[in-house]
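Undergrad: sequence and computational prediction follow.
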Amino acid sequence: MDAVASKRGKQTARNMFLSTVVTAACAGVIYIFIPHDENADPIRAVDFSVELATVRNSAPYPVAAPEGLPGPWKATSVSYDVTAGKAWHLGFLDPDRRYVAVEQSTAPTRTYVAEVTHKAKDTGTTETIEGREWQVWEGPKYDALVLPEKGHTTVVTGSAPKESLVAMVTALKAEPQAAP
């Protein structure tokens, strides 16, 4: 019986070794043939066209979104919250990968702007862009260009430099809300 047990033990060890070799070979083949790019951008772009069309049909104000931004801008987030002052949000990364957002809401201007800019303050200055007077707000986290209008406020905010905020404002197109 000792000879049979010894032979069985050798077969078990041999089978385990062969299984390990086959598994490693399969893993190697999978690694070689499955594409992987360590340089790929981990931030996924979003398409906001469907949400934009939907919100433009339901929001009580002309919903703004950019058209024809210069350079490689990337849309990264989109939302519409009917419970929080009918708030429209569209987030982007500018060509230098800095954050810029378009925010609109029916909420009171001062509280809304402070919320979406993380406590920016009105500087008391304005900047005329595309024939409209935008308030300049500055904050510890985000700066902003703010356009208070009848019934809603539009805010272009982010960590990007003012040039990127102005580029976004320049590209904004707002369509009137659909008739009920």
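TA: Arrived safely, thanks for sending.

Undergrad: for stretch 127-142, which positions count as buried?
TA: 129, 134, 135, 136, 137, 142 (16 or more other Cβ atoms under 10 Å). Any C-beta I mention is one placed from the backbone N, CA and C, and that applies to glycine too.

Undergrad: check stretch 76-86 too.
TA: For stretch 76-86, the neighbour count (16+ other Cβ under 10 Å) marks 76, 78, 80, 85, 86 as buried.

Undergrad: can you check the distance spanned by it, start to finish?
TA: The straight-line separation of the ends of stretch 76-86 (Cα to Cα, to the nearest Å) is 20 Å.

Undergrad: re earlier: next, format the buried residues of stretch 76-86 as JSON lines and append distance to residue 150, secondary structure and pLDDT.
TA: Supplementary listing: the buried residues of stretch 76-86 in JSON lines, determined by distance: Cβ to Cβ, whole Å; DSSP: H, G, I helix; E, B strand; the rest coil; pLDDT from 0 to 100:
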{"residue": "76", "distance to residue 150": "30", "secondary structure": "strand", "pLDDT": "92"}
{"residue": "78", "distance to residue 150": "25", "secondary structure": "strand", "pLDDT": "93"}
{"residue": "80", "distance to residue 150": "20", "secondary structure": "strand", "pLDDT": "89"}
{"residue": "85", "distance to residue 150": "15", "secondary structure": "coil", "pLDDT": "73"}
{"residue": "86", "distance to residue 150": "14", "secondary structure": "coil", "pLDDT": "87"}
